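Engineer: what follows is a predicted structure for the sequence shown.
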Amino acid sequence: MDQPHALLVASPGLGHLIPILELGNRLSSVLNIHVTILAVTSGSSSPTETEAIRAAAARTACEITELPSVDIDNLVEPDATVATKIVVKMRAMKSKVRDAVESMKRKPTVMIVDFFGTGLMCAADDVGLTAKYVYIPSHAWFLAVMVYLPVLDTVVEGEYVDIKEPLKIPGCKPVGRKELMETMLDRSDQQYKECVRVGLEVPMSDGVLVNTWEELQGNTLAAFREDGELNRVMKVLVYPIGPIVRTSGHVEKLNSIFEWLDKQGERSVLYVCLGSGGTLTFEQTVELAWGLELSGQRFVWVLRRPASYLGASSSDDDQVITSLPDGFLDRTCGVGLVVTQWAPQVEILSHRSIGGFLSHCGWSSVLESLTKGVPIVAWPLYAEQWMNATLLTEEIGVAVRTLELPSEKVIGREEVASLVRKIVAEEDEEGQEIRAKAEEVRVSSERAWSQGGSSYNSLFEWAKRCYLVS
């Protein structure tokens, strides 16, 4: 009997390929099925993108096929956002995806797309696949807002940023102005209209896989199942199969970061990284540096070039270092480590000395932190990160956050220092509760994926429904 075959389609960009890749690895290893990933390229002919795809292919059991993207210049405005371009590009890839499937010797049973690729689901119908699913690499609250957005679009007048009362989402925490997704900030923009369209298309699938787990978001997940408005809007089953995160890989023993970390006390170091797109202004970089110094806590800071330098032609590390206050590196020598190159985040968060993570709150980074029991200083910058910060602080209880959004105001050094001490300093009582909660979440994340755990069972329930396992 032929081995069952699942087809996953990854949107352009390494940040979209990695979650699909990790899902594919999980399906392959746990279900013992053949997985093919169609990686839609950006069309920029970037050697970095090609190298990333090849590197991903080298470390996975999945079969990865690059799918060159189509030209969409006539479909979007010149100043269209990245999110708009990705959604439109994926929708325009229907014929190429259809041709790719028809040329396969082993026909897939099921197609899985991420939320940028919901416009491709009709291609699954065209080639006669048994089922089509959507993978949400984010959490259940994000999914709820996505699918309920078309309802809000019809009942809310004016701009969401001007609302006086938080937007009510059935079965979920309301969405206030500080939780609005970036795509909701301007209802006249094409990216908002594309977001509404995605919200309408998700329930047209045969079901949704979401990167969370029952013990983390039980109330929100229950709202999708129980008879109520959210259940009626969704229409299809939701399968919590998280946490799905990158696993630790091999790191050179002589790596200077780990040489330094090995000398530090257990849970004594704050890891600071704001993601690949997390650039700060020069002024905010200075305040963050002073805050780290004033906190008196040990830190590893993966420092990106400040936004004011983004137009510069040089990529010299010296340019990054000059954004720091005079004498900062000398004064923090031995206490802190500044890294200006790529750093192995999962491996760093896994180190015994890491006691906190100052993060932009991208969901992948959040899960990498929570599965290691590391509490978070939330520093949301864009996309749905503002929602994530609220979820972490107000519902899950594993983080502290700034009083104002870092995207709207420069966060002063005193506030930075206070937040850092709260998470890392052993004597802080509120921090002790947060650290204890982070450890609880770590344990629950492991339990969810143990045999018979909630996510383990949910994955097999889904696999049986689409005939991938008997």
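Structural biologist: Right, received. Where do you want to start? Residues are numbered from 1 along each chain as shown.
Engineer: and the closest residue to residue 351 other than its chain neighbours, how many neighbours does it have?
Structural biologist: Spatial nearest neighbour of residue 351, excluding adjacent residues (Cβ to Cβ, 6 or more residues apart in numbering): residue 261 at 4.9 Å. No exception for glycine: its C-beta is placed from N, CA and C like everyone else's. The number of residues packed near residue 261 is 21, by other Cβ atoms under 10 Å.
Engineer: list the contacts of residue 261.
Structural biologist: Counting by Cβ atoms under 8 Å, 6 or more residues apart in numbering, residue 261 makes contact with 269, 300, 348, 351, 353, 354.
Engineer: figure out the length between the terminal residues of stretch 360-376.
Structural biologist: Stretch 360-376 stretches 10 Å from its first residue to its last (Cα to Cα, to the nearest Å).
Engineer: list the contacts of the helix or strand where residue 337 lies.
Structural biologist: Using DSSP states H and E, residue 337 sits within strand 336-339. Residues outside strand 336-339 that contact it (Cβ under 8 Å, 6+ apart) are 257, 260, 292-293, 298-303, 321, 324, 329.
Engineer: residue 34 and residue 229: what is the separation?
Structural biologist: Using Cβ to Cβ, to the nearest Å, residue 34 is found at 39 Å from residue 229.
Engineer: who's more crowded, those two?
Structural biologist: residue 34 (20 against 14).
Engineer: who's that one bridged to?
Structural biologist: Judged by DSSP bridges, the bridge partners of residue 34 are residue 5.
Engineer: name the SS class of residue 97, please.
Structural biologist: On the three-state scheme (DSSP: H, G, I helix; E, B strand; the rest coil), residue 97 is labelled helix.
Engineer: surely it meets residue 123?
Structural biologist: Yes. Contact criterion Cβ atoms under 8 Å: residue 97 and residue 123 qualify, at 4.7 Å.
Engineer: list the buried residues for the helix or strand residue 287 falls within?
Structural biologist: Under the criterion of DSSP H and E, residue 287 resides in helix 282-295. Within helix 282-295, the residues scored as buried using 16 or more other Cβ atoms under 10 Å are 284, 285, 286, 287, 288, 289, 290, 291, 292, 293, 295.
Engineer: now do residue 95 against residue 104, distance only.
Structural biologist: Applying Cβ to Cβ to residue 95 and residue 104 gives a distance of 15 Å.
Engineer: neighbour count for those two, which is higher?
Structural biologist: For residue 95 versus residue 104, neighbours defined as other Cβ under 10 Å are more numerous around residue 104 (14 against 11).
Engineer: for the more buried one, which non-adjacent residue is spatially closest?
Structural biologist: Nearest to residue 104 is residue 36, by Cβ to Cβ, 6+ apart, at 7.1 Å.
Engineer: hang on, that neighbour is in a strand, isn't it?
Structural biologist: Yes. Under three-state DSSP, residue 36 falls within a strand.
Engineer: so it makes contact with residue 5?
Structural biologist: Yes. Applying Cβ under 8 Å as the test, residue 36 and residue 5 come out as touching, 6.9 Å apart.
Engineer: what touches both of these two?
Structural biologist: With Cβ under 8 Å, 6+ apart as the test, residue 36 and residue 5 both reach residue 108.
Engineer: domain assignment for this structure?
Structural biologist: 5-242+449-465, 256-446 (automatic domain parsing).
Engineer: now render these as JSON lines, adding mean pLDDT.
Structural biologist: Output for these, formatted as JSON lines (pLDDT from 0 to 100):
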{"stretch": "domain 5-242+449-465", "mean pLDDT": "93"}
{"stretch": "domain 256-446", "mean pLDDT": "91"}
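Engineer: quick one: residue 336 from residue 328, how far?
Structural biologist: Distance from residue 336 to residue 328, by Cβ to Cβ: 9 Å.
Engineer: residue 174 too?
Structural biologist: Residue 174 sits 41 Å away from residue 328, going by Cβ to Cβ.
Engineer: ok, these two, which is more surrounded?
Structural biologist: residue 328 (18 against 10).
Engineer: got a list of what that one touches?
Structural biologist: 289, 293.
Engineer: what's the closest non-adjacent residue to residue 405?
Structural biologist: residue 178 (6.0 Å).
Engineer: who touches the one you found in this structure?
Structural biologist: For residue 178, counting by Cβ under 8 Å, 6+ apart, the contacting residues are 386, 390, 405.
Engineer: that one belongs to a strand?
Structural biologist: No. Secondary structure of residue 178 (three-state DSSP): helix, not part of a strand.
Engineer: any idea how far it is from residue 103?
Structural biologist: For residue 178, the distance to residue 103 - Cβ to Cβ - is 48 Å.
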